[in-house]
Structure formats: C-alpha cells, structure tokens
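With the input below, show me the fold.
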Amino acid sequence: MKIIVTGGAGFIGSHVTDIYIENGHEVYVIDDLSNGKEENINKQAVFFKEDIRNYKEIKRIFDKVEPDLVNHHAAQIMITKSVEDPGYDAEINILGTINLLKICKEKSIKRFIFASTGGAMYGNPARLPVSEDYPVSPLSPYGISKLSAEKYIDFFEKEFGIDSVILRYANVYGPRQDPYGEAGVVAIFSKRIIENKPCIIYGDGNQTRDFVYVKDVAKVNLLALKMEKGIYNVGTEKETSVNRLFEIFKGIAPEAEKEYAPKRPGEVERISLSVKRINKKTGWVPEYSIEKGVKETFEFFKGNG
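Residues are numbered from 1 along each chain as shown. Coordinates of the predicted model:
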C-alpha cells in the first residue's frame with residue numbers, strides 16, 4: 001500500500017513511518033521540518049519537504065505519488081503557543097487539514113487517519129477514564145483546532161465517502177520526542193536530568209496525565225489501516241501525576257532534582273482515557289508500563305546526547 005504520512009519527520013509520525021515500512025508498505029513523508037528532524041525519517045521512505053498549508057505543492061506531491069491512504073500527523077502541538085497565537089494554530093491544524101481532505105476528495109482516496117488529542121479534548125471530565133462519548137470541552141485553542149479538524153473530517157466522510165479513523169491520543173512519550181518544547185514532559189525531564197538541571201513542575205504537580213508509549217501508539221496506526229472507521233481513544237486508562245513521574249525518574253537517576261513553577265494556562269487537571277472501544281474492535285492493549293517506557297526513553301536520550 002502507498003501511504004502518505006504528514007509529519008513523518010516528527011516524534012510520533014516517524015515511529016508510524018517505521019512500523020508501516022516494517023510491514024511492507026511504501027511510505028511517502030511530507031514534513032516542513034519546523035519541528036521534525038530529517039534524521040528521524042526512515043531511510044526507506046521518500047521525503048518531501050513541504051508545508052501542509054501550501055495547497056498547490058501538496059497537490060503536486062499527491063499527483064506524483066497517487067497514494068492509497070493518508071495518515072495525518074503534521075500539526076501545531078503546543079498548548080501555550082496556541083494560547084499565544086490561536087490564528088497560527090488554526091492555520092496549521094484546521095486549514096492544513098482541510099487542504100489534505102480536499103485533495104483526498106479530488107483523488108478519491110478512501111481512508112484518512114487523523115492524529116487527534118484525547119488529553120486536550122475533554123476538558124476536566126467529571127469521571128475517569130473518559131470514553132469517546134463523553135461531551136467534548138477543550139480548554140485551549142489547540143484542543144479547539146483539533147476538534148474543528150475532526151468535524152471537517154466527519155463532513156468529508158459523510159459528503160464524499162472518505163472513511164476516517166480518528167485517534168485521540170493521550171500523552172504520548174518516547175524516543176525522538178522534542179526535549180526542548182513544552183509538550184513532552186518525559187523527554188523534557190530526561191534531558192534536564194542528563195544536563196544536571198532541575199525538572200520544572202508547573203503547578204503543584206498533582207495534575208495527572210495518561211502517558212502512553214510511542215511504540216504502542218505506532219501499533220494502533222498499523223491497525224488503523226484496516227480497522228473499522230470511527231473515533232478511538234489511545235491511552236492506558238491510568239492516571240500518573242507529574243509528581244509521581246518525577247519519582248519514577250528519581251528511581252532511575254537518583255541525582256534528579258525538581259523545582260516548582262506557576263501553573264500554565266489551558267492545561268487540564270486530571271485525565272485518563274478509556275480504551276475499551278479500541279480493545280473491543282481490535283484487541284489492542286498497551287504493552288508498555290510507565291516505568292518501562294520512561295526507562296527506555298531516558299536511555300535513548302542518554303545515548304543520543
């Protein structure tokens with residue numbers, strides 16, 4: 001199968017590219033390298049350096065490749081950035097997605113896999129773990145833009161028959177994550193410990209996240225090639241506080257230190273995602289515990305300093 005992966009030079013997209021190639025698919029990566037790194041791209045993939053906001057050039061790439069399927073991971077992912085500049089966030093996450101959907105319609109591409117957010121989609125839910133049917137209530141422009149993209153995908157599916165698989169990710173972590181951005185606390189803590197800097201905990205540290213390892217997420221994207229269309233949470237159903245995360249690091253690296261800083265705007269207090277739907281449809285369960293995944297991630301950064 002010929003697959004276009006947007007954002008394939010990025011953290012999650014590069015792991016998705018890897019697993020597709022390992023399973024015999026032809027992969028074509030579109031990435032503007034604004035966040036991704038060319039060295040992340042699998043050597044067997046064909047790479048096009050382009051911005052998804054550039055409709056004309058993206059259309060040219062599709063005309064050349066004639067893909068069977070699109071996996072859309074290119075995105076603006078920083079919540080603080082979305083708060084500071086919601087227009088920029090919307091340009092990439094909404095208008096960029098619409099560009100791809102328009103081309104899929106023109107090219108009669110029948111499946112569109114979309115990397116959405118579970119961590120920022122449900123606001124502060126009253127019960128956990130939260131299911132896909134829970135009312136959406138994003139607290140940040142980032143979450144709003146992802147929800148808007150989901151609605152456009154739904155429209156193109158109903159009007160033009162583009163089957164969609166929407167994957168609402170929890171807090172994905174693992175090797176290749178950017179340790180210098182705001183998203184990706186596991187990567188950030190890893191790098192700061194290696195550099196003998198304190199880990200910065202925003203707020204009181206009791207806020208929880210559902211941390212899911214990137215290799216587990218890549219397997220979901222492989223299943224998404226053939227699974228029933230729909231919206232699926234991708235997480236672990238487990239809450240881990242940032243304070244607990246630091247303690248896990250402390251067990252791996254006793255020299256780790258921490259500092260507290262003011263809470264950041266637009267962030268949820270507690271979240272974990274129910275994965276009963278995807279388990280029922282595919283049998284998928286996450287294989288990595290937070291302890292195992294954090295250890296692998298820390299070792300990656302130690303070896304790639």
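
Tell me how far stretch 40-47 lies from the chain's centre.
Mean-position distance between stretch 40-47 and its chain equals 19 Å (Cα atoms, centre = their mean, to the nearest Å).

whoops, stretch 136-152 was the one
Relative to its parent chain, stretch 136-152 has a centroid offset of 14 Å by Cα atoms, centre = their mean.

what's the average pLDDT for that stretch?
Averaging pLDDT along stretch 136-152 gives 94.

for stretch 155-168, same thing?
Here stretch 155-168 scores 97 as its mean pLDDT.

ok, and what's touching it?
101, 104-105, 109-118, 121, 132, 150, 153-154, 217, 220-221, 224, 227, 229-234, 273 (Cβ atoms under 8 Å, 6 or more residues apart in numbering). C-betas here are computed from N, CA, C, even on glycine.

Return the subset of those lying in strands.
Per DSSP state E, strands hold the following members of the contacts of stretch 155-168: 111, 112, 113, 114, 115, 116, 117, 230, 231, 232, 233, 234.

May I have the longest helix that the chain contains as CSV, with CA atoms only?
The longest helix of the chain (DSSP state H) is helix 141-160. C-alpha atoms of helix 141-160 as CSV (Å, rounded to 0.1, in the frame of the first residue of the first chain):
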residue,chain,number,x,y,z
PRO,A,141,-7.1,26.8,21.1
TYR,A,142,-5.1,23.6,20.4
GLY,A,143,-7.9,21.4,21.6
ILE,A,144,-10.4,23.5,19.8
SER,A,145,-8.5,23.3,16.5
LYS,A,146,-8.2,19.5,16.8
LEU,A,147,-11.9,19.3,17.5
SER,A,148,-12.6,21.5,14.5
ALA,A,149,-10.5,19.3,12.3
GLU,A,150,-12.4,16.3,13.5
LYS,A,151,-15.7,18.0,12.4
TYR,A,152,-14.3,18.7,9.0
ILE,A,153,-13.2,15.1,8.6
ASP,A,154,-16.7,14.0,9.6
PHE,A,155,-18.2,16.3,7.0
PHE,A,156,-15.9,15.0,4.2
GLU,A,157,-16.7,11.4,5.3
LYS,A,158,-20.4,11.9,5.1
GLU,A,159,-20.4,14.0,1.9
PHE,A,160,-17.7,12.4,-0.1
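
That helix: which residues count as buried?
Across helix 141-160, burial judged by 16 or more other Cβ atoms under 10 Å covers 141-150, 152-153, 156-157.

Adding distance to residue 63, write those out as a markdown table.
As requested, those are exported to a markdown table (distance: Cβ to Cβ, whole Å):
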| residue | distance to residue 63 |
| --- | --- |
| 141 | 33 |
| 142 | 31 |
| 143 | 34 |
| 144 | 32 |
| 145 | 28 |
| 146 | 28 |
| 147 | 31 |
| 148 | 27 |
| 149 | 23 |
| 150 | 27 |
| 152 | 22 |
| 153 | 22 |
| 156 | 19 |
| 157 | 23 |
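
now, the most widely separated pair of those residues?
141 and 157 (24.3 Å; Cβ to Cβ).

Can you tell me what sits against the lowest-mean-pLDDT helix or strand in the chain?
None of the helices or strands of the chain scores lower by mean pLDDT, DSSP states H and E than helix 79-84, at a mean of 87. Contacts to helix 79-84, defined as Cβ under 8 Å, 6+ apart, come from residues 76, 88-89, 120, 140-143, 145, 182-183, 264-267.

Distance from the chain centre to that helix, please.
Relative to the chain's own centre, helix 79-84 is displaced by 16 Å; criterion: Cα atoms, centre = their mean.

Can you name the next helix or strand after it?
Later in the chain than helix 79-84, the nearest helix or strand by DSSP states H and E is helix 86-90.

And the pLDDT at residue 182?
64.

just residue 188 next, same as before
As predicted, residue 188 sits at a pLDDT of 95.

nearest spatial neighbour of it, skipping sequence neighbours?
residue 179 (5.3 Å; Cβ to Cβ, 6 or more residues apart in numbering).

Quick check: that neighbour touching residue 191?
Yes: with contact defined as Cβ atoms under 8 Å, residue 179 counts as touching residue 191 (3.5 Å).

Touching both of these two, which residues are there?
Common neighbours of residue 179 and residue 191 (criterion: Cβ under 8 Å, 6+ apart): residue 301.

picking that back up, can I have the least confident helix or strand of the chain written out in PDB, keeping just the CAs?
Written as PDB, here are the backbone C-alpha positions of helix 79-84 (Å, rounded to 0.1, in the frame of the first residue of the first chain):
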ATOM      1  CA  ILE A  79      -0.900  24.400  24.000                       C
ATOM      2  CA  THR A  80       0.900  27.600  25.200                       C
ATOM      3  CA  LYS A  81       1.700  28.500  21.600                       C
ATOM      4  CA  SER A  82      -2.000  28.000  20.700                       C
ATOM      5  CA  VAL A  83      -3.000  30.400  23.500                       C
ATOM      6  CA  GLU A  84      -0.400  33.000  22.400                       C
END
